[in-house]
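>>> Here is my input; please provide its structure:
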Amino acid sequence: MTAPAPPGLGHTFFEQLMVQRRVIGALLMREMLTRYGRRNIGFLWLFAEPMMVTVIVAALWTARGLHQLSDIPIVAFVIIGYSGIQLWRNMSRRCIDAIEPNRALLRHRPVKMLDIYLARMLLEVAGTTTSFALLCVIFLIFSNQISPPENILEVVFAWGLFVWFAMGLSLTLGALSELTTLVNKFWPPLIYILYPLSGAMFLVDALPHGFREIVLYIPLVHANEMLRDGFFGSHFVAHYDLSYLVSWCLGLSIVGLGLSYLTVEHRLS
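Presented below is the predicted three-dimensional model:
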């Protein structure tokens, strides 16, 4: 005879999956209430904040006349670049030291460290994706500064890879931050170094050949190039390697999950 399952846990994979779904849903609600509260517009800040930042940057770039340097729509260029930046930047920040303020929740057996990371990552994915989609629709309907994507399937696929990469990166950094405090010291300045190198502010084809080969070692550049290719690929020559980007996404996911397991072992020892 099999032993009865602990309270709140299931025997089968499907039952355990339903338990984890309920746990992550509860953590999502808790995170939204803790972060945004119930006053003013509440959880709408989840996507209103990244929308405001992106619109301000687009207005600044347009005011400086950068839209006259190329036939590529500068608003679409900014929306793509800065939406991607906010995705991996905000997600990684939320996962670093995410366990400490939620330590009491780990006393409940159904709640695992990975659930806390997933809740925070999914919240950032929902906010940034909603902001990205709404900005595209708003500028498409109410202005002539953005055109419909040339390949909507490529846009969706590229954004999915962007999300996968950001989640793998954030999970790795979050688990590392539980093992060493060096992550808190080095990651913030590295973010500012990655800003200009991530491909959000330039086209690879416009770079000198030698520098082009160097930046293509950065996986974020491939994600940005693929996303832009789906939007306005006929206006420029995109440079990206899908297998290279997928390899990074898969590698970061494996490393992140492995480090999360090591973190649990470290806490139990």
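>>> so where do the helices sit in the stretch 51-200 of the chain?
Here the stretch 51-200 of the chain has its helices, by DSSP state H, counting those that start in this stretch, at 74-95, 113-142, 152-179, 182-197.
>>> Pick the most buried one from the ones you listed.
Greatest average neighbour count among the helices of the stretch 51-200 of the chain goes to helix 74-95 (a mean of 23), per mean count of other Cβ atoms under 10 Å. All C-beta atoms are positioned from the backbone trio N, CA, C, and that covers glycine.
>>> average pLDDT for that helix?
Mean pLDDT, taken over the full extent of helix 74-95, equals 88.
>>> Who are the packing partners of that helix?
helix 45-63, helix 113-142, helix 152-179, helix 182-197, helix 219-232 (3 or more Cβ pairs under 8 Å, 6 or more residues apart in numbering; DSSP states H and E).
>>> The third one: how far from the chain's middle?
For helix 152-179, the separation from the chain centroid amounts to 5 Å (computed by Cα atoms, centre = their mean, to the nearest Å).
>>> I'd like the average pLDDT over it.
Across helix 152-179, pLDDT averages out at 94.
>>> Against which helices or strands is it packed?
For helix 152-179, the elements it packs on are helix 74-95, helix 113-142, helix 182-197, helix 219-232, helix 242-268, judged by 3+ Cβ pairs under 8 Å, 6+ apart.
>>> how many degrees apart are the third one and helix 152-179 in direction?
Spelled out, it's helix 182-197. 150 degrees (axes from the mean of the first three to the mean of the last three Cα atoms, to 10 degrees).
>>> do the second one as well
Note on geometry: by the same axes, to 10 degrees, helix 113-142 and helix 152-179 are set 150 degrees apart in direction.
>>> Could I get the average pLDDT for helix 113-142?
For helix 113-142, mean pLDDT is 88.
>>> For E225, see how far away A200 is.
11 Å (Cβ to Cβ, to the nearest Å).
>>> R30 now?
From R30 across to E225, the span is 37 Å (Cβ to Cβ).
>>> What of W164?
Computed as Cβ to Cβ, the W164 to E225 distance reads 16 Å.
>>> I figured F77 hits R228, correct?
Yes. Taking contacts as Cβ atoms under 8 Å, F77 lies within contact range of R228: 7.4 Å.
>>> quick one: the residue positioned nearest the centre of the chain from G81, how far?
Residue closest to the mean C-alpha point of the chain, counted by Cα atoms, centre = their mean, is L87 at 3.4 Å. Taken as Cβ to Cβ, the spacing of L87 relative to G81 amounts to 11 Å.
>>> swap in A166?
Distance from A166 to G81, by Cβ to Cβ: 14 Å.
>>> Same question for L60.
Counting by Cβ to Cβ, the gap from L60 to G81 is 13 Å.
>>> Same question for Y240.
15 Å.
>>> contacting residues for C95?
Counting by Cβ atoms under 8 Å, 6 or more residues apart in numbering, C95 touches Y117, R120, M121, S170, L171, L173, G174, S177.
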